[in-house]
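K.L.:
Build me a structure from this.
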Amino acid sequence: MSKVCPLIFRQIDATISKISTALVVSSIFMYLMTLQVGILFFIAIDFVIRLSGKKKYSPIYLSAHAIQKAFHLRVKMEDAGGKRLAAFFGFAFTVGMIITHYEEWMVANSVIAVIFVSCAIPEILFGYCIACKIYALVIKFFPDRFA
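P.N.:
Sure thing, here's the model as predicted:
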């Protein structure tokens, strides 16, 4: 997690978060291979469920939890603020992909997908949160907004 990250002082399991991110990235690749927009709607709805605090109803969260249990992966607790911020970014990217899909702007759609995946993979592999870095820049340039 970044030194400057939006803290909300609520802990979540970072292992489940990484698995969830991997499932979202896999879904993005599935969308890119099939161009089935329903996949994007599934991801967007799942983000809404998780961001609303109802993760027990999230298919991606439930799948990640099952994978963690099946493979006996360790629990690693972290503050939820950075993960929540990343989920907002993920939701925005997904909505952007839905819009560009329906507008048939496939180059823009692919660019959004590449940016989305490029932001997600460092989190999966290294726990490096791009959203936290963006948050740090925003605070640096607009400190009065977050005082």
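K.L.:
name the helices or strands packed onto the longest helix anywhere in the chain?
P.N.:
Ranked by residue count under DSSP state H, the longest helix found in the chain is helix 80-102. In terms of contacts (3 or more Cβ pairs under 8 Å, 6 or more residues apart in numbering; DSSP states H and E), helix 80-102 is packed against strand 11-13, helix 14-34, helix 37-51, helix 106-126, helix 130-141. In short, each C-beta sits where N, CA and C put it, glycine included.
K.L.:
how distant is it from the center of its chain?
P.N.:
Computed by Cα atoms, centre = their mean, to the nearest Å, the chain-centroid distance of helix 80-102 equals 7 Å.
K.L.:
Next: stretch 46-54.
P.N.:
11 Å.
K.L.:
what's the angle from the helix-or-strand element of the chain with minimal mean pLDDT to helix 80-102?
P.N.:
Lowest mean confidence among the helices and strands of the chain (mean pLDDT, DSSP states H and E): helix 130-141, at a mean of 82. Interaxial angle of helix 130-141 relative to helix 80-102 (axes from the mean of the first three to the mean of the last three Cα atoms, to 10 degrees): 100 degrees.
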